[in-house]
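Novice: Turn this into a model:
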Amino acid sequence: ANRNPATSATHGGDTNKKDHRSSKMSDTPEAPADVQVGSTVRAIRFDDASSSAKTNAIKGRAIVETIEEDGSVSLLFEPMHPTPASSDARFLVTPNAVSHEVDHERITTLSQIEQLLEFESNPQHSSTLSKLQLIQLWKDRGDQLLRLHDPSSAIPYYEEALRISKEIDVGSSVLIKQGGHIHVAEVDCVDGDEVDVMIPATNKEMVLQRSAILLSIVEHDAEQLQTRILINLTRCLLRLSELSSNLRPKYLQSAVLSSTLAMTIASWQAEQLSPNALTALQLRAKAQAGLSKFHHAMQDAKKLIQHNHPQGKRLLVDLQRQQQKHAKTNKRLAKDVARWVDKATASDSAFHHG
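Specialist: Numbers count the residues shown, from 1 in each chain. Okay, the predicted model is just below:
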């Protein structure tokens, strides 16, 4: 089975403005009637410990290993960490290099198995779509997979949409990182791998390598596709951070980057913070808290309160509670370490005087 996404010859309008919410019942995949050993399907990967609702359980793609007479099915899941849409591509935001994952198997029933979406099973290519249409297409597909609670499968589609938008031309606006902050810069000249840019906010000029440019801002993006793609990509990264302990810091760092890019683009496109920018701010606060950067997280929460965001005060209280819990845990850990050191020192002293 080919996990890599691909474009198709058809394109539907972006009618779902609530990108991360449940879609119509017609979007829900049915249990495959012809499932057999070797089929690639979608099923619940883990039970979501943060919620008892089955609809919130994380799903993933898996290969059917065995089917028993009683209807039980043994599944071997694909790696949880996503892979780029094409073998020669690299993610722009999502971590690329990861350690080897242990094979994850699960026993379930035929009734709990879903067929893949049509564009996953039957990829088609088209060269007739415009740049904005292609970005819309990849975003729509990522949204469908995110609504199915499959962030691992959704991420390559969002990343491909971003890759398509990263065309660097003279006169275009791009995002770069300087001094630990992300800035909007204007492209003055492109010479091979070297790009001359100017940061309008400071009138600072510099020469950068293409690889140093994070993203190009899409022109005539009335639907704010890039911002919404980055917001949903942040949601995916936050979900994966909840499931992977060894990759949790990397996912959270990427979530901070993705949400910051979304905020920067949204702020550049509008004078005041838009609803999308506030959503990105809220998600960034959660990612910062996951990294134990509570000072930065609380700054974001206070900005939400300043802009009368309905979740601002609740988020700030939750962050303060998390910070207190974190401080208590660190204090208890420090005491345990001190007791261990005292015990080890006493044992060593007794050994030398024995």
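
Novice: what's the distance between residue 182 and residue 265?
Specialist: According to C-beta to C-beta, to the nearest Å, residue 182 stands 10 Å off from residue 265. Glycine gets a C-beta too; all of them are placed from N, C-alpha and C.

Novice: okay, these two: which has more neighbours?
Specialist: Shown here are residue 182 and residue 265; by other C-beta atoms under 10 Å, residue 265 has more neighbours (27 against 17).

Novice: in the protein, which spans are strands?
Specialist: With DSSP state E as the definition, the chain shows strands at residue ranges 40-46, 58-67, 72-77, 105-109, 173-178, 181-191, 194-199, 204-209, 213-216.

Novice: lowest-pLDDT helix or strand in the protein?
Specialist: The weakest-scoring helix or strand in the chain, judged by mean pLDDT, DSSP states H and E, is helix 312-353 (a mean of 74).

Novice: circling back: quick one: which of the strands of the chain is nearest residue 314?
Specialist: Between residue 314 and those, the shortest gap by C-beta to C-beta is with strand 58-67, which sits at 24.6 Å.

Novice: tell me how far that closest one is from the chain's mean position?
Specialist: Centroid displacement of strand 58-67 relative to its chain, using C-alpha atoms, centre = their mean, to the nearest Å, is 22 Å.

Novice: Tell me the buried residues in it?
Specialist: Buried residues in strand 58-67, counted by 16 or more other C-beta atoms under 10 Å: 58, 59, 60, 61, 62, 64, 67.

Novice: dump the residue contacts of the residue nearest to residue 313 when sequence neighbours are not counted.
Specialist: Once flanking residues are discounted, residue 313 sits nearest to residue 305: 5.9 Å by C-beta to C-beta, 6 or more residues apart in numbering. Applying C-beta atoms under 8 Å, 6 or more residues apart in numbering to residue 305 gives the contacts 312, 313, 316.

Novice: returning to that earlier point: take the buried residues of strand 58-67 and write them to TSV, including distance to residue 270.
Specialist: Formatted as TSV, the buried residues of strand 58-67 follow (distance: C-beta to C-beta, whole Å):
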residue	distance to residue 270
58	34
59	35
60	37
61	38
62	42
64	48
67	54
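
Novice: of all those residues, which two lie farthest apart?
Specialist: Of all pairs drawn from the buried residues of strand 58-67, the greatest distance, 23.1 Å, lies between 58 and 67 (C-beta to C-beta).

Novice: where along the stretch 151-300 of the chain do the helices fall?
Specialist: 151-165, 225-243, 248-269, 275-290, 294-306 (DSSP state H, counting those that start in this stretch).

Novice: how about the ones you listed in CSV, adding mean pLDDT and distance to residue 213?
Specialist: Formatted as CSV, the helices of the stretch 151-300 of the chain follow (pLDDT from 0 to 100; distance: least, C-beta to C-beta, whole Å):
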stretch, mean pLDDT, distance to residue 213
helix 151-165, 95, 12
helix 225-243, 95, 14
helix 248-269, 95, 12
helix 275-290, 95, 20
helix 294-306, 93, 24
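
Novice: Of these, give the one that comes closest to residue 186.
Specialist: Of all those, helix 248-269 sits nearest to residue 186, with 11.3 Å by C-beta to C-beta.

Novice: how far is that closest one from where the chain is centred?
Specialist: Counting by C-alpha atoms, centre = their mean, helix 248-269 comes out at 10 Å from the chain centroid.

Novice: on that earlier part again, how about a markdown table for the buried residues of strand 58-67, with pLDDT and distance to residue 39 added?
Specialist: A markdown table is the format used below for the buried residues of strand 58-67 (pLDDT from 0 to 100; distance: C-beta to C-beta, whole Å):
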| residue | pLDDT | distance to residue 39 |
| --- | --- | --- |
| 58 | 90 | 20 |
| 59 | 93 | 16 |
| 60 | 94 | 15 |
| 61 | 95 | 11 |
| 62 | 95 | 9 |
| 64 | 95 | 5 |
| 67 | 92 | 9 |
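
Novice: Which one of those residues is nearest to residue 169?
Specialist: Among those, residue 61 lies closest to residue 169 (C-beta to C-beta), at 36.5 Å.

Novice: returning to that earlier point: which neighbours do residue 182 and residue 265 share?
Specialist: Shared contacts of residue 182 and residue 265, counting by C-beta under 8 Å, 6+ apart, come down to residue 175.

Novice: Now for the residue most central in space within the chain: which residues touch it?
Specialist: Centroid-nearest residue in the chain: residue 237, 2.9 Å away (criterion: C-alpha atoms, centre = their mean). Going by C-beta under 8 Å, 6+ apart, residue 237 touches 93, 94, 151, 155, 251, 252, 254, 255, 258, 287.

Novice: All good on my end, thank you.
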